[in-house]
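# Next one to model:
(chains A and B)
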Number of protein chains: 2
Amino acid sequence: MSVTAASGFVASGVHAGLRRSAPDLAIVRSVTPATGAAMFTANRMQAAPVVISKEHLELAEPQAVVINSGSANAATGLRGELDARATAAEAARVLDLAVEEILVLSTGVIGKRLALDKVLPALRAAANSLSETGGADAAEAILTTDTHAKQAVAGGPSFTVGGMAKGSGMIHPNLATMLAVVTTDYPLGPHEAQEFLRAAVEESFNAISVDGECSTNDTVVLLANGASGTTRSVKSDSAFDDCLRAVCADLAGQIVADGEGATFTAEISVSGAASDPEARAIARRIATSPLVKTALFGRDANWGRVLAAAGSAPYNGGYAQLDPGSVTLDLAGVRVVDGGAPQDVEPELVGAGCTIVLDLAIGDGSASYLTSDLSYDYVRINAEYRS
Amino acid sequence: MSVTAASGFVASGVHAGLRRSAPDLAIVRSVTPATGAAMFTANRMQAAPVVISKEHLELAEPQAVVINSGSANAATGLRGELDARATAAEAARVLDLAVEEILVLSTGVIGKRLALDKVLPALRAAANSLSETGGADAAEAILTTDTHAKQAVAGGPSFTVGGMAKGSGMIHPNLATMLAVVTTDYPLGPHEAQEFLRAAVEESFNAISVDGECSTNDTVVLLANGASGTTRSVKSDSAFDDCLRAVCADLAGQIVADGEGATFTAEISVSGAASDPEARAIARRIATSPLVKTALFGRDANWGRVLAAAGSAPYNGGYAQLDPGSVTLDLAGVRVVDGGAPQDVEPELVGAGCTIVLDLAIGDGSASYLTSDLSYDYVRINAEYRS
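Numbers count the residues shown, from 1 in each chain, chains lettered A, B, ... in the order given. Predicted coordinates:
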């Protein structure tokens, strides 16, 4: 299953020594010529592997992805770039590919130099252990503070889409500290690969938040090798699109549920906004509000905090439009504000999560967001994280 | 001292019963005709007292301020507006002022109706106990999760500026859940009052962050009654300006130091940005980053998180300009990144706080921000807060 579910893909995960005892180096490759696409973080402090992978994508179609955990190789200066280039070069050598056919992804501590003396020898071991059943090992090797591996598969009538992801802290729009590799044996040209990926990412990885952070390294890669032998049609394209969205949404949902210290999740829906972007700004603001998130942790149906957050959603240098007199809010299925008037009710927050449904009654804009609560464990994990 | 330090001001703080055992209703008034100005939250979910006070300011010069804690009277619909009007009307009656000369300020739980049956009778008691030594009582009565009262005084050659503030959670730009009343016996016209106040607020209350929240109720009021008998000059205006800024900065600093659960503060300075607004966006982003704030709580000199935050500062629909190859960062007085190159050093975070000094080497933009750490206690206070 996972990233090797589709025909013609092999993967492996080994221990290079960047993390104390966990596997920390993964390779995913297509055994037949593939096309590919990727989306990268919008953070201006782009990590060296992001810079290098973007270069490679301009020169060639990607055939293999090399991922290390334990070091983000970000804020490492010129040396960091050389380290990322050396990693790609050695991977090309052991995989018998051109260097520009390699994408390099890193995750872990920012500002720490990549230990090449550990990575380079381990690349040979990782190449030697590539197999069609190596997806689970690869999914393990890319984790950092995640508590478990994240994998997803969706099958079309005659093709397969599979993927793996990591991410639990710093999850936010624009792919914050989130790595994902999705593979398919459906045939795609490079241009289509980019278009399909962009659409699927927009409604999955770009619509989740754990702590509002946006990382230096976030990358989502799609490799397509056509090994299923399917021929494309409008109908099969649509089926592929559904499968790709399903895999991305599944992985994104797993990331939120595994948010650092998360004990509760909330599905936020905003409608009636002046525009879709304004709805999105409001949904994101609610999703990232520390006061909303601590209330969720306390299972406190403190809907006033939801409205206070909604009223201060940054948009176009000001705040997104909202009329306090016309908002309607349902929390956990209970109407707490109806056309601006608070209702004398007390919703109960129980189980694994709740819904937050806000109607602004201004226009037709709508958007959704997934978020998690802010717990003691989030603070503990991040006050301690840098071992 | 405090809000009654200047000549001609009286204040009181009493227990109306909105909070269990603490004083919760304050009045500040000038005994001689005063001019005044106020700045309000930019949150679109403006609380009823904000709406009413804005109306009153358009009609008359404010002579008295009535403040309650225990209920924000926000998201309370039309009823909330009527409750705020009833409060102002009763205050006008017991103070023998016109209703439009009263400003009403509220702080506390959002979405809870103001208990008029407690507020209205208590207004008479508060009016009866107004005195020149009542500043400390008033400063106590406006607190919510604050651990202590916040007061400040600065004296010019022949006039005095005094103030009080509340705020510890939800502190952020645009005056997030922060109330402050500043009084002076310096003579000002209404237009000058607004201009002096705006400038002082911009570099004090609008440059602090505890948790990035922006509240529904934030208000800063300045009352000036000229009771010192000073005549204005360019020189005395400048001295007054210095005093007003000092009082505002003092109160803002007290708010950050009393941030919910705060154990450590950071003074953030950004220079070399493309513009002042971009510097401000970057400083604010660092100041509100959960990952930076949890690192501060852990006393972990995790400067990579500072740069990751700096690289993702929302500005004009994108991110503020930053070149990873040219940034220089000093943390706690130690240079950790020099012109893009990380240095092999490990600053120690000890004492009550540290400095974070970032030079982008792009342009001339600069800005400063004060912030606090994110601790277990922040989560505890806000997961429990709604008693």
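
# contacts and neighbour counts: CA atoms only from here.
Will do.

# got the contact list for the host helix or strand of residue A:335?
Element membership of residue A:335, judged by DSSP states H and E, is strand A:334-338. Contacts with strand A:334-338, where a contact means Cα atoms under 8 Å, 6 or more residues apart in numbering or on different chains, come from A:303, A:326-330, A:342-347.

# now the helix or strand just after it: mean pLDDT?
Tracing the chain past strand A:334-338, the next element assigned as helix or strand by DSSP H and E is strand A:341-342. Averaging pLDDT along strand A:341-342 gives 90.

# Send me the helix or strand following strand A:341-342 as PDB with only the CA atoms.
On the C-terminal side of strand A:341-342, the closest following helix or strand by DSSP H and E is strand A:353-359. Coordinates of the C-alpha atoms in strand A:353-359 are reproduced here as PDB (Å, rounded to 0.1, in the frame of the first residue of the first chain):
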ATOM      1  CA  GLY A 353     -14.300  16.600  17.300                       C
ATOM      2  CA  CYS A 354     -17.100  19.100  16.400                       C
ATOM      3  CA  THR A 355     -18.300  21.300  13.600                       C
ATOM      4  CA  ILE A 356     -18.200  25.100  13.500                       C
ATOM      5  CA  VAL A 357     -20.600  26.500  10.900                       C
ATOM      6  CA  LEU A 358     -20.700  30.200  10.400                       C
ATOM      7  CA  ASP A 359     -23.000  32.000   8.000                       C
END
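
# near chain B, anything from strand A:353-359?
No - if you take Cα under 8 Å from any Cα of the partner chain as the test, strand A:353-359 misses chain B, and the best it gets is 13.5 Å.

# and what of stretch A:365-376?
Yes - using Cα under 8 Å from any Cα, a contact is recorded between stretch A:365-376 and chain B, made by A:374-376.

# Next: stretch A:138-158.
No - contact between stretch A:138-158 and chain B is absent, the nearest approach being 13.4 Å (criterion: Cα under 8 Å from any Cα).

# Could you dump the residues of stretch A:365-376 next to chain B into CSV with pLDDT, secondary structure and neighbour count added?
Supplementary listing: the residues of stretch A:365-376 next to chain B in CSV, determined by pLDDT from 0 to 100; DSSP: H, G, I helix; E, B strand; the rest coil; neighbours: other Cα atoms under 10 Å in any protein chain shown:
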residue, pLDDT, secondary structure, neighbour count
A:374, 85, coil, 31
A:375, 84, coil, 24
A:376, 82, helix, 20
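
# quick check, nearest of those residues to chain B?
Proximity of the residues of stretch A:365-376 next to chain B to chain B was ranked by Cα to the nearest Cα; the top entry is residue A:376 with 5.5 Å.

# picking that back up, what's the angle between the strand holding residue A:335 and strand A:353-359?
Angle between the axes of strand A:334-338 and strand A:353-359 is 30 degrees (criterion: axes from the mean of the first three to the mean of the last three Cα atoms, to 10 degrees).

# quick one: strands adjacent to strand A:334-338?
Here the strand partners of strand A:334-338, with direction, are listed using DSSP bridges: strand A:328-331 (antiparallel), strand A:341-342 (antiparallel).

# Return the closest of the residues of stretch A:365-376 next to chain B with respect to residue A:48.
Nearest to residue A:48, judged by Cα to Cα, of these is residue A:374 at 30.7 Å.

# And the helices in the stretch 51-200 of chain A?
Counting by DSSP state H, counting those that start in this stretch, the stretch 51-200 of chain A has helices at residues A:77-95, A:116-128, A:135-141, A:190-202.

# For residue B:293, find the nearest of these.
helix A:77-95 (24.5 Å).

# Can you flag the buried ones in the contacts of strand A:334-338?
A:303, A:326-330, A:342, A:347 (16 or more other Cα atoms under 10 Å in any protein chain shown).

# which among those gets closest to chain B?
For chain B, the closest of the buried ones among the contacts of strand A:334-338 turns out to be residue A:342, at 5.9 Å, with distances computed as Cα to the nearest Cα.

# pretty sure residue A:273 contacts residue A:358?
No - contact criterion Cα atoms under 8 Å: residue A:273 and residue A:358 do not qualify, at 9.4 Å.

# what's the residue lying closest to residue A:44 once chain neighbours are set aside in contact with, if anything?
Once its chain neighbours are removed from consideration, residue A:44 has its nearest residue in residue B:311; the separation is 4.3 Å (Cα to Cα, 6 or more residues apart in numbering or on different chains). Counting by Cα under 8 Å, 6+ apart, residue B:311 makes contact with A:43-45, A:216, B:282, B:319-322.

# among the buried ones among the contacts of strand A:334-338, which two are most distant?
The largest separation in these, counting by Cα to Cα, is between A:326 and A:347 at 20.6 Å.

# Excluding chain neighbours, what is closest to residue A:53?
Computed as Cα to Cα, 6+ apart, the closest residue to residue A:53 that is not its neighbour in sequence is residue A:103, at 5.0 Å.

# thinking again about what came up before, kindly reformat the contacts of residue B:311 as a markdown table containing neighbour count.
Output for the contacts of residue B:311, formatted as a markdown table (neighbours: other Cα atoms under 10 Å in any protein chain shown):
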| residue | neighbour count |
| --- | --- |
| A:43 | 28 |
| A:44 | 22 |
| A:45 | 26 |
| A:216 | 35 |
| B:282 | 35 |
| B:319 | 18 |
| B:320 | 23 |
| B:321 | 23 |
| B:322 | 25 |
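
# Measure how the strand or helix carrying residue A:254 sits relative to helix A:190-202, angle-wise.
Here residue A:254 sits within helix A:234-257, counting by DSSP H and E. In terms of direction (the same axes, to 10 degrees), helix A:234-257 departs from helix A:190-202 by 40 degrees.
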